[in-house]
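Engineer: Structure for the following, please:
(chains A and B)
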2 protein chains.
Amino acid sequence: MFKINDNYQKLPGSYLFSTIAKKVNAYQEANPEKNLIRLGIGDVTQPIAPAIIDALHGAVDEMGHAETFHGYAPDLGYEFLRSAIAKNDYQARGCDISPDEIFVSDGAKSDSANIQEIFSVENKIAVCDPVYPVYVDSNVMAGRTGTYDPATEMWSDVIYMPCTKENNFVPEFPKQVPDMIYLCLPNNPTGTTLTKDQLQMWVDYANKVGAVILYDGAYEAYISEDNVAHTIYECEGARTCAIELKSFSKNAGFTGVRLGYTVVPKDLKCDDVALHGMWARRHGTKFNGAPYIVQRAGEAVYSDAGKAQLKEQVAYYMKNAAAIKNGLQEAGYEVFGGVNAPYIWLKTPDQMTSWQFFDYLLETANVVGTPGSGFGPSGEGYFRLTAFGTYENTLAALERIKAM
Amino acid sequence: MFKINDNYQKLPGSYLFSTIAKKVNAYQEANPEKNLIRLGIGDVTQPIAPAIIDALHGAVDEMGHAETFHGYAPDLGYEFLRSAIAKNDYQARGCDISPDEIFVSDGAKSDSANIQEIFSVENKIAVCDPVYPVYVDSNVMAGRTGTYDPATEMWSDVIYMPCTKENNFVPEFPKQVPDMIYLCLPNNPTGTTLTKDQLQMWVDYANKVGAVILYDGAYEAYISEDNVAHTIYECEGARTCAIELKSFSKNAGFTGVRLGYTVVPKDLKCDDVALHGMWARRHGTKFNGAPYIVQRAGEAVYSDAGKAQLKEQVAYYMKNAAAIKNGLQEAGYEVFGGVNAPYIWLKTPDQMTSWQFFDYLLETANVVGTPGSGFGPSGEGYFRLTAFGTYENTLAALERIKAM
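Structural biologist: Below you'll find the predicted structure:
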């Protein structure tokens, strides 16, 4: 009789955002007259920018004619897109990353879940706490996290690096030496980030202890402060210790378009084995490329028109972020993030747990947010609101919250 | 110091089609004046059908307006697509498969590589030999295949089921009982298939020994004979033993569009654990859905216009298949497949190895095919040609082969 992967049975509950969706749907069904405002899941609301829509239509037309039809894409992604990424996201910032170190994918969620596959199951992982749940969950499925303690909501073989208001949301070097360090900067869910100097210390640390940094830069486009790195490769020595995961979901609204990429520098090695070759092998064996039309859309992100339109889109969301931040502060909340990221991280009032505040907000204000404890034990007592709603809904939600 | 997944180091050579691409590119660079005809990789050449192009344009327009913009897709895929699949591919054939047993993905290659993840690494796999290399390679990466013997080109913990002209390409029940049985029917690369009665015997066998069948039906649209099942769920008892993997690449030319789906019946269990829930958890945690515009394209495959246009497209390729089959037979080759599949499987002449014939064909006729040994040890001495070229190129390739 065949057996299953028992690690799946260890996962507590369901995936955070699936749980929220079920709860919200149940509430809406029971209260069909209520007009919910969703500031929960990090999904965008602004339409795809015109320059990208044009590129999509153009690529669709190409697919309709034999002379310009495109079948299987090259393993790593189309050269036109990898070159645009290398030039704009790296070389323009003085970072030495070449097109053939870039792997185009169907999104950073897949990459951030799959990247652990090329590492030993004996490696010890370290994560910021709270953080995007996919890092830990994908390692649970792989059998890398030990046993789960429901009381502490922690895994025995995961190194948690608490990021709370007490340490200004700056993770400290852990007591136990990790092999794989997940950093999401600017951070999801706290909306906070590190300065470039602080990040450099992590790069130095990783090189010193022989750890690999898995650097998730999905929110890079929202960085507004000068002393924050836009890529980990701005730090000296990152080519020998860091893999960078990038998304088009937040800078270009591609949550429903699906495109991302991962950078694996050729200098990143375990003894004499280059991780670049391993990831190339995984890509070639277990993935068949992002759609041609979507890769053309990605290219348009880097066109002059695309850049200008997306700058406006990011500014639109950051206006929401400022409005939420200021509004909540006026209403007496303690609020973090929202300066270099589209997320507002608030301390729940009156000692409420994160899920208590979720229910309270849903039922009293009909506003959907995300409970901080869903991102890790140190997220307990916090709550995330996103700036990805429409401006009108964002203001309406604030009015409702103020009236609670 | 972090460690890597050592299983990757066990993989011999590179992924088959990457190797072929490198060899062909090298030959073309050295001989830029030669006009190569590619009947190697199973990539299509006909453009996307008009009904699908219309759907793509329509969906792109939706993405450009806030009122009709689509962000993150539902975990399993959009209801409109899952319903169209359930109705057309299953219920119309009398098979009891519901929309919520269907998981939409970015393609069958990803699914067929990822599906092994939900099973124990201790399971023993059985594969037809020769077969699509992804099944074995993805299990090598997971550490399920033991050690590789370069002399036999076999893995110690893989059960090989030879399919050669000697057994009429019908796999026999293996001596050792397998836990996971990969069946690709119609088969890639041999182009042969089983009758429905023969498939029923495999379903009965799996239910008897407690094995799960991973059934790859990527070439189903090419079935022309009445006694061949279009889905494994036509067989009695398949709901308790089979997962079916389906692709839009070959029936609708989506190799560069990227769409597939996997069926996990809710009756398929290991003790009391339903595999449906496990695959749902993997989908929700490690994947973020196929693009909205691509799912709309998938829906158009099932429209009246889409069906009519794709029927013509399949007929076009099968005309190629017949031409190759007849032409090669006239030229004295021993030829198999090509009746229920777009692949022609030929015995290499003069005791040539598969790679010798690859080089001979490339250099003498400037035609690219795929060496049979790349699909498994029992593929040695065979060679695959695909019917996915244009009709003109297919005829030209045949003339060149006849003149060799």
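Engineer: Can you report how many residues lie near residue A:91?
Structural biologist: 15 (other Cβ atoms under 10 Å in any protein chain shown). Glycine gets a C-beta too; all of them are placed from N, C-alpha and C.
Engineer: let me redo that: residue A:323
Structural biologist: Residue A:323, neighbours per other Cβ under 10 Å, totals 18.
Engineer: and if you look at residue A:164?
Structural biologist: 18.
Engineer: now residue A:366
Structural biologist: Using other Cβ under 10 Å: residue A:366 sits among 18 other residues.
Engineer: what's near enough to touch it?
Structural biologist: A:34-37, A:400 (Cβ atoms under 8 Å, 6 or more residues apart in numbering or on different chains).
Engineer: Which one (most neighbours) among those?
Structural biologist: The member of the contacts of residue A:366 that has the most neighbours, counting by other Cβ under 10 Å, is residue A:37 with 22 neighbours.
Engineer: ok, and the closest non-adjacent residue to that residue?
Structural biologist: residue A:397 (4.4 Å; Cβ to Cβ, 6 or more residues apart in numbering or on different chains).
Engineer: model confidence over stretch A:314-334, on average?
Structural biologist: Regarding stretch A:314-334, the rounded mean pLDDT is 97.
Engineer: May I see the buried residues of that stretch?
Structural biologist: A:314, A:317-318, A:320-321, A:323-325, A:327-328, A:333 (16 or more other Cβ atoms under 10 Å in any protein chain shown).
Engineer: which stretches of chain A form helices?
Structural biologist: A:7-10, A:16-30, A:50-63, A:79-85, A:108-114, A:134-142, A:196-209, A:275-286, A:292-301, A:304-330, A:354-360, A:391-402 (DSSP state H).
Engineer: that older thread, which residues are in contact with the residue nearest to residue A:37?
Structural biologist: A:37, A:39, A:365, A:367, A:385, A:389.
Engineer: repeat that for 6 Å
Structural biologist: A:37, A:39, A:367 (Cβ atoms under 6 Å, 6 or more residues apart in numbering or on different chains).
Engineer: Same question for residue A:211.
Structural biologist: A:178-179, A:181, B:2.
Engineer: Any figure for the gap between the spatially most central residue of chain A and residue A:172?
Structural biologist: By Cα atoms, centre = their mean, chain A has its centre lying nearest to residue A:218, at 4.6 Å. Relative to residue A:172, residue A:218 is positioned 23 Å away (Cβ to Cβ, to the nearest Å).
Engineer: ok, now residue A:105?
Structural biologist: From residue A:105 across to residue A:172, the span is 32 Å (Cβ to Cβ).
Engineer: out of these two, which sits in the busier spot?
Structural biologist: It is residue A:105, of residue A:105 and residue A:172, that has more neighbours when counted by other Cβ under 10 Å, with 24 against 9.
Engineer: I'd say the more buried one and residue A:260 touch.
Structural biologist: Yes. Between residue A:105 and residue A:260 there is a contact at 4.9 Å, judged by Cβ atoms under 6 Å.
Engineer: So for the two, which residues contact both of them?
Structural biologist: What both residue A:105 and residue A:260 touch, as defined by Cβ under 6 Å, 6+ apart, is the set residue A:111.
Engineer: Below-threshold pLDDT in the stretch 1-150 of chain A: ranges please.
Structural biologist: A:14 (pLDDT under 70).
Engineer: what does the stretch 301-404 of chain A give?
Structural biologist: Looking at the stretch 301-404 of chain A by pLDDT under 70, you get an empty list.
Engineer: Roughly how far does the residue in it positioned nearest to chain B sit from residue A:20?
Structural biologist: Nearest to chain B, among the residues of the stretch 301-404 of chain A, is residue A:390, at 7.5 Å (Cβ to the nearest Cβ). Going from residue A:390 to residue A:20 by Cβ to Cβ gives 20 Å.
Engineer: Of these two, which one has the most company?
Structural biologist: In this view residue A:390 and residue A:20 are compared by other Cβ under 10 Å, and residue A:20 has more residues nearby, 21 against 15.
Engineer: contacting residues for residue A:176?
Structural biologist: So residue A:176 contacts residue A:159 (Cβ under 6 Å, 6+ apart).
Engineer: Which residues of the stretch 101-250 of chain A lie near chain B?
Structural biologist: The stretch 101-250 of chain A comes close to chain B at residues A:106-107, A:109-110, A:113, A:118-120, A:123, A:137-138, A:179-180, A:210-212, as judged by Cβ under 6 Å from any Cβ of the partner chain.
Engineer: quick one: which two of these are the most distant?
Structural biologist: Of all pairs drawn from these, the greatest distance, 31.2 Å, lies between A:106 and A:210 (Cβ to Cβ).
Engineer: neighbour-wise, which of those two wins?
Structural biologist: Legend: neighbour count by other Cβ under 10 Å for residue A:106 and residue A:210, higher for residue A:106 (27 against 13).
Engineer: my guess is that one contacts residue B:106, does it?
Structural biologist: Yes. Here residue A:106 lies in contact with residue B:106, judged by Cβ under 6 Å, at a distance of 5.2 Å.
Engineer: Quick check: nearest residue in space to residue A:24, chain neighbours excluded?
Structural biologist: Looking at residue A:24 with Cβ to Cβ, 6+ apart, the closest residue is residue A:368, at 5.5 Å.
Engineer: Kindly apply the preceding question to residue A:252 instead.
Structural biologist: The nearest residue in space to residue A:252 (Cβ to Cβ, 6+ apart) is residue A:301, at 4.9 Å.
Engineer: touching chain B at all, stretch A:302-320?
Structural biologist: No. When contact is scored as Cβ under 6 Å from any Cβ, no part of stretch A:302-320 falls within range of chain B; the minimum is 11.2 Å.
Engineer: Pull the residues that contact that stretch.
Structural biologist: Looking at what lies outside stretch A:302-320 - Cβ under 6 Å, 6+ apart - the contacts are A:46, A:49, A:51, A:84, A:88, A:221, A:252, A:300, A:342, A:387-388, A:391, A:394.
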